[in-house]
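**Q** predicted model and sequence follow; I will ask about them next.
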There are 2 protein chains.
Amino acid sequence: MTDPTSPHMAEKTTLLVLDAEPPPRLGKLTGRVRIEHADESTLAGSLPRADVLLVWDFASHAVRHAWPGEGPRPRWVHTASAGVDHLMCPELAASDTVVTNARGVFDQPIAEYVAALVLALAKDLPRTLELQRAREWRHRESQRVAGTRACVVGSGPIGRAIAQTLKALGITTALVGRTPRPGVHGPDELDRLMVRSDWVVSAAPLTEETYGMFDARRFGLMQPSARFINVGRGQLVVEDALVQAVSRQWIAGAALDVFEHEPLGPDSPLWEVPGLLVSPHMSGDVAGWRDELGTQFVELFERWEAGEPLTNVVDKQRGYVPGH
Amino acid sequence: MTDPTSPHMAEKTTLLVLDAEPPPRLGKLTGRVRIEHADESTLAGSLPRADVLLVWDFASHAVRHAWPGEGPRPRWVHTASAGVDHLMCPELAASDTVVTNARGVFDQPIAEYVAALVLALAKDLPRTLELQRAREWRHRESQRVAGTRACVVGSGPIGRAIAQTLKALGITTALVGRTPRPGVHGPDELDRLMVRSDWVVSAAPLTEETYGMFDARRFGLMQPSARFINVGRGQLVVEDALVQAVSRQWIAGAALDVFEHEPLGPDSPLWEVPGLLVSPHMSGDVAGWRDELGTQFVELFERWEAGEPLTNVVDKQRGYVPGH
């Protein structure tokens, strides 16, 4: 319905979408906005004439490389992801362009995914599936999760949803965030909490401060019976250090849904570390998620169009939406 | 410490334990009771002189076969299990012998195990582990469990603990029991509930009324997207009917922790039904469970010794401990 001959065309907002496939739910904007699509190769050429950029291909780092700096640029960038580390660059951070994210869409799904991992590891499900393949009946004792202790790093809506779900399972759960406040421990308490936790869950945004925060020293603080789960960003973890901790059984196991380099190639040694569960960055992606992301963007767009203040606005210095 | 030359020996209670290995925590009874051990082959000869029988080997059906009928017999039988189907026989049911069970020990562990299965199936974990083995990065959408519907069959403490845990995950959960009461649906509502449930969980005691209750007709009521989980007893399920329902994808999947014949032999076709997760009757067995079972028996024994009324008394006609 974008009619290039429309006399009002020049007045319309240009929405540039970075993705190979058109996002769902944008039909509602038909006639109100000129929608253009770009891929990684055409992004730099299209950015200067866009008013709004929708980063639908949230795995792409193209925005960081194509950002026009001082030149004409979108006044608003929305990413269909919780993290903004893949698109932030100093020029974007310094500009007056507003950045928003998909805050809210992934909270409950990721919390459920973490609960699935915690329970699967406690109940030894990976081994049960192995034994099933071997047609072997071998009874084992498993672990009770109620009464264990967890430490969730990341106190945004995702971390808080994880903590709430783990608490519902009877797990004593501490939340760690950048800024200590009621119910949230500060970063200086992390070491102490890791020492006594049965579960350490990484759900922090990737920033300069969190890069590589889970390193050999921190894994060394964990109990031999404890397990580590990462659903945040791969770069939060020093992967070699985790592999060593797991394969030498300094800790009892780990599950990674995110990695330093995604997708993980077939030659990655991470696939075959005994005690390490690998999943393909899918923790938040429940059926219907694309629709939810599309609907969320349309709602934000309508606020923007009406001149109302946007929600989900990212603090571009900190790299996440500051909250409660 | 049982001294056969003790002059008080004849006055001591004789506690017969059916098991190859001595249970833990019975040390507290040393000197107060004469403890004898029997295995399946010696049970019949030992039963007539026992005051109390502790069925520690709860997988054995020996009690049913060795029960002395009208002859001298234990006044009290305790089984270290929630179900009593393996030991009940008409002569025991008709006698004045009291039967108690391990009510309470398995509730929370089994509830957690069911939650682990529900979440693992919703999040497609078995497939994730398969893909990990194949070193294949394949992103998939998974399912949100919050907002789905479950029907838990069995309204004893185990069924209630399962329902409570599923509700804590945001699952709308209905409980079905023999006797309708507030919060518990009667058996005549089961069909209607199965039609609309995403999860059907079997946690009922095995009785004449529940034997084979999950048959082809009932699996036919379930939605193609629904899944079935059995943590009760294998004989609640017509296994052939379940295999057909799962392998023809009339339902989306199933998980069985209990089977008509246990242990499952290596030739069982159940090991290799696509979409069927098989585990070796371990749902309630968390680290420390044997200690808990031993402690529970000692507490009951002290009540019995003091002439106080026993708790966990099984209604021998119904086949379970009637409760709230």
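**A** Perfect, thanks for sending it.

**Q** neighbours around A:E308, how many?
**A** When neighbours are counted by other C-beta atoms under 10 Å in any protein chain shown, A:E308 registers 10. C-beta: built from backbone N, CA, C; applies to glycine.

**Q** how far away is it from A:I35?
**A** To A:I35, A:E308 is 21 Å away according to C-beta to C-beta, to the nearest Å.

**Q** over to A:N312?
**A** 21 Å.

**Q** same thing with A:I110?
**A** To A:I35, A:I110 is 30 Å away according to C-beta to C-beta.

**Q** more neighbours, the two?
**A** A:I110 (26 against 20).

**Q** okay, the more buried one: pLDDT?
**A** pLDDT, A:I110: 98.

**Q** the host helix or strand of it to helix B:107-122, inter-axis angle?
**A** A:I110 is part of helix A:107-122 when elements are defined by DSSP states H and E. Angle of helix A:107-122 versus helix B:107-122, following axes from the mean of the first three to the mean of the last three C-alpha atoms, to 10 degrees, is 120 degrees.

**Q** I'd like the next helix or strand past helix A:107-122.
**A** helix A:125-133.

**Q** elements contacting that next one?
**A** helix B:125-133, strand B:276-278 (3 or more C-beta pairs under 8 Å, 6 or more residues apart in numbering or on different chains; DSSP states H and E).

**Q** rerun that using 7 Å as the cut-off
**A** helix B:125-133 (3 or more C-beta pairs under 7 Å, 6 or more residues apart in numbering or on different chains; DSSP states H and E).

**Q** the helix or strand following the helix it packs on near chain A at all?
**A** For helix B:125-133, the following helix or strand on the C-terminal side (DSSP H and E) is strand B:149-153. No. Remark: strand B:149-153 sits outside contact range of chain A, by C-beta under 7 Å from any C-beta of the partner chain, the gap being at least 14.3 Å.

**Q** on that earlier part again, just how off-centre is the helix holding A:I110 within its chain?
**A** 15 Å (C-alpha atoms, centre = their mean, to the nearest Å).

**Q** that one to helix A:125-133, inter-axis angle?
**A** Going by the same axes, to 10 degrees, helix A:107-122 makes 60 degrees with helix A:125-133.

**Q** what does helix A:107-122 contact?
**A** Helix A:107-122 is contacted by residues A:126, A:142-143, A:145, A:157-158, A:161-162, A:164-166, A:169, A:199, A:201, A:227, A:229, A:231, A:253, A:255, A:277, A:283-284, A:286, B:112, B:115-116, B:119-120, B:123, B:125, B:144-146 when judged by C-beta atoms under 7 Å, 6 or more residues apart in numbering or on different chains.

**Q** in PyMOL, select just the buried ones from those residues.
**A** Per 16 or more other C-beta atoms under 10 Å in any protein chain shown, the buried members of the contacts of helix A:107-122 correspond to this PyMOL selection:
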select buried, (chain A and resi 126+142+143+145+157+158+161+162+164+165+166+169+199+201+227+229+231+253+255+277+283+284+286) or (chain B and resi 112+115+116+119+120+123+125+144+145)
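
**Q** picking that back up, now the helix holding A:I110 against strand A:149-153, angle please.
**A** 140 degrees.

**Q** low-confidence ranges, the stretch 101-250 of chain A, go.
**A** Judged by pLDDT under 70, the stretch 101-250 of chain A has no weakly predicted residues.

**Q** near chain B, which residues of it are found?
**A** Counting by C-beta under 7 Å from any C-beta, the stretch 101-250 of chain A sits next to chain B at A:108-109, A:112-113, A:115-116, A:119-120, A:123, A:125-126, A:128-129, A:132, A:135, A:137-146, A:168-169.

**Q** endpoint to endpoint, stretch A:129-138 covers what distance?
**A** This stretch, stretch A:129-138, spans 11 Å end to end (C-alpha to C-alpha, to the nearest Å).

**Q** now it: buried residues?
**A** Of all the residues in stretch A:129-138, those buried under the rule 16+ other C-beta under 10 Å are A:L129, A:L131, A:Q132, A:W137.
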